[in-house]
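Q: sequence and predicted structure are below.
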Amino acid sequence: MSRQVFLYDPPDRFVAGTVGLPGRRTFFLQATAGPRVTSVALEKTQVAALAERMDELLDEVVRRSGGNASVPAVAPGEVSDTRPLDTPVEEEFRVGTMALAWDGDEQRMIVEAQALVELDADSEEDLAEAEERLLQDEENGPPMLRVRLTGAQARAFAKRALDVVNAGRPPCPLCSLPLDPEGHVCPRQNGYRRGA
């Protein structure tokens with residue numbers, strides 16, 4: 001079966017968002033261009049890592065260009081997006097591997113999110129070899145979302161993604177564990193932490 005690549009160059013909209021209540025949220029990346037909408041599911045930690053690395057890469061581009069790159073230092077207000085995900089949210093695949101790159105010629109951030117794949121291997125060496133073959137297989141690899149963003153779009157994505165990650169359950173002021181809406185048993189108030 002040939003690889004399915006969902007290409008957005010450029011997207012009308014590329015955002016991170018959630019479905020569900022805090023503590024039970026499902027995180028998505030969603031790219032939109034005209035009537036086309038692609039939503040891929042991923043973990044909260046993946047969203048946070050993507051946003052942080054994107055900001056770091058953009059900062060490095062600005063540093064190396066001596067400030068001459070078309071990358072704003074902060075997310076411009078005119079491209080900020082606070083709307084919810086477009087509905088219906090239909091998961092194309094669950095993200096396993098992500099990659100970021102900067103195209104200096106086009107002045108674009110390239111974001112790739114590849115589907116999670118289960119690999120069978122008898123040893124660590126076999127597993128590494130299978131992973132390498134999978135990554136190199138352009139024709140028959142797993143589905144992939146590929147998005148090309150301007151520097152301003154990338155800054156706006158990173159800011160929103162971090163806001164979405166941080167909009168979850170507030171931490172307990174004593175133990176820093178998340179506070180649940182139905183209550184919280186705080187280990188600091190009980191004086192000990194129970195073993196699992």
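A: That came through fine. Numbering: from 1, shown residues only.

Q: what about the longest helix in this protein?
A: helix 44-65 (DSSP state H).

Q: who's in contact with that one?
A: 16, 25, 27, 29, 69, 71, 73, 95, 98, 100, 102, 104, 109, 111, 151, 154-155, 157-159, 161-162, 164-165, 168 (Cβ atoms under 8 Å, 6 or more residues apart in numbering). From N, CA and C alone the C-beta is placed, and that goes for glycine too.

Q: filter these down to the buried ones, ChimeraX style.
A: Of these, the buried ones can be selected in ChimeraX as follows, counting by 16 or more other Cβ atoms under 10 Å:
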select :16,25,27,29,69,71,95,98,102,109,111,151,154,155,157,158,159,161,162,164,165
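
Q: can you pull the contacts of W102?
A: Counted by Cβ under 8 Å, 6+ apart, W102 has contacts 57, 61, 108-110.

Q: three-state assignment of it?
A: Judged by DSSP: H, G, I helix; E, B strand; the rest coil, the three-state class of W102 is strand.

Q: and it, how far from D9?
A: Between W102 and D9 the distance is 15 Å, computed by Cβ to Cβ, to the nearest Å.

Q: for G141, same thing?
A: G141 is 19 Å from D9, by Cβ to Cβ.

Q: of these two, who's got more company?
A: G141 (18 against 12; other Cβ atoms under 10 Å).

Q: host element of the closest residue to the more buried one other than its chain neighbours?
A: Once flanking residues are discounted, G141 sits nearest to R3: 4.6 Å by Cβ to Cβ, 6 or more residues apart in numbering. Assigned by DSSP states H and E, R3 belongs to no helix or strand.

Q: report the separation between the spatially most central residue of the chain and N166.
A: Against the mean C-alpha coordinate of the chain, by Cα atoms, centre = their mean, the closest residue is V47 at 3.4 Å. Distance, V47 to N166, by Cβ to Cβ: 11 Å.

Q: check D103 too.
A: From D103 to N166 the distance is 29 Å (Cβ to Cβ).

Q: ditto for V71
A: For V71, the distance to N166 - Cβ to Cβ - is 23 Å.

Q: so what pLDDT did G191 get?
A: At G191, the model reports a pLDDT of 47.

Q: same check on G151?
A: The model reports G151 with a pLDDT of 91.

Q: quick check: what element follows the helix or strand of the chain with the lowest mean pLDDT along the chain?
A: In the chain, no helix or strand scores lower on mean pLDDT, DSSP states H and E than helix 124-136, which sits at a mean of 70. Next helix or strand after helix 124-136 toward the C-terminus (DSSP H and E): strand 144-149.

Q: chain center to that following strand, what's the gap?
A: 11 Å (Cα atoms, centre = their mean, to the nearest Å).

Q: pull up the pairing partners for that strand, direction included.
A: strand 5-8 (parallel), strand 108-115 (antiparallel) (DSSP bridges).

Q: ok and whichever helix or strand comes after that strand relative to helix 44-65, angle-wise?
A: The helix or strand immediately downstream of strand 144-149 is helix 151-166, counting by DSSP H and E. Between helix 151-166 and helix 44-65, the angle comes out at 150 degrees (axes from the mean of the first three to the mean of the last three Cα atoms, to 10 degrees).
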